[in-house]
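Asker: This is the structure alone, sequence omitted:
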């Protein structure tokens, strides 16, 4: 199965995951908390690619999740494979807003859309800080059409 889908055309980062049997809930579909794990996996892939993880390793300026949400569109079931996209919609002085999308390959449709606000955080000082310029440049490169 390909790691692309038309619903993810505008997402520069796409990761693949499988729906595990043990992730089903009492109602027979994927537990809603798993969607947030999918978002996290895609977010971490994005943070690696844009240089935020390297910023933390080098300067202890990293990312911290401010808030997140999910709009469930279709239930997921075992067995299935999903593609999870991540992109940045907006960049502020000290934060960025990300969008996520989970696509079921078995159902050939979007199962959920999500968003998250990620803040630049100085782990040495214990407070938010400006988004590093190298990270901004990494985001610009990823988001170029």
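Answerer: Happy to help now that I have it. Because the structure is predicted, anything quoted here is derived from the model rather than measured. Residues are numbered from 1 along each chain as shown.
Asker: from memory residue 30 sits against residue 18, does it?
Answerer: No - because the distance of 11.1 Å does not satisfy CB atoms under 8 Å, residue 30 is recorded as not touching residue 18. All C-beta atoms are positioned from the backbone trio N, CA, C, and that covers glycine.
Asker: These two: which has the busier surroundings?
Answerer: When neighbours are counted by other CB atoms under 10 Å, residue 30 comes out ahead of the other of residue 30 and residue 18, with 25 against 12.
Asker: And that one, what's its pLDDT?
Answerer: Per-residue confidence at residue 30 stands at 97 (pLDDT).
Asker: Just grab the bridge partners of it for me.
Answerer: Residues in a beta bridge with residue 30, per DSSP bridges, are residue 24.
Asker: which residues touch it?
Answerer: Taking CB atoms under 8 Å, 6 or more residues apart in numbering as the criterion, residue 30 is in contact with 19, 23-24, 75-78.
Asker: Roughly how far does it sit from residue 121?
Answerer: Counting by CB to CB, to the nearest Å, the gap between residue 30 and residue 121 amounts to 31 Å.
Asker: In this structure, spot the strand with the most residues.
Answerer: With DSSP state E applied, the strand covering the greatest number of residues in the chain is identified as strand 109-122.
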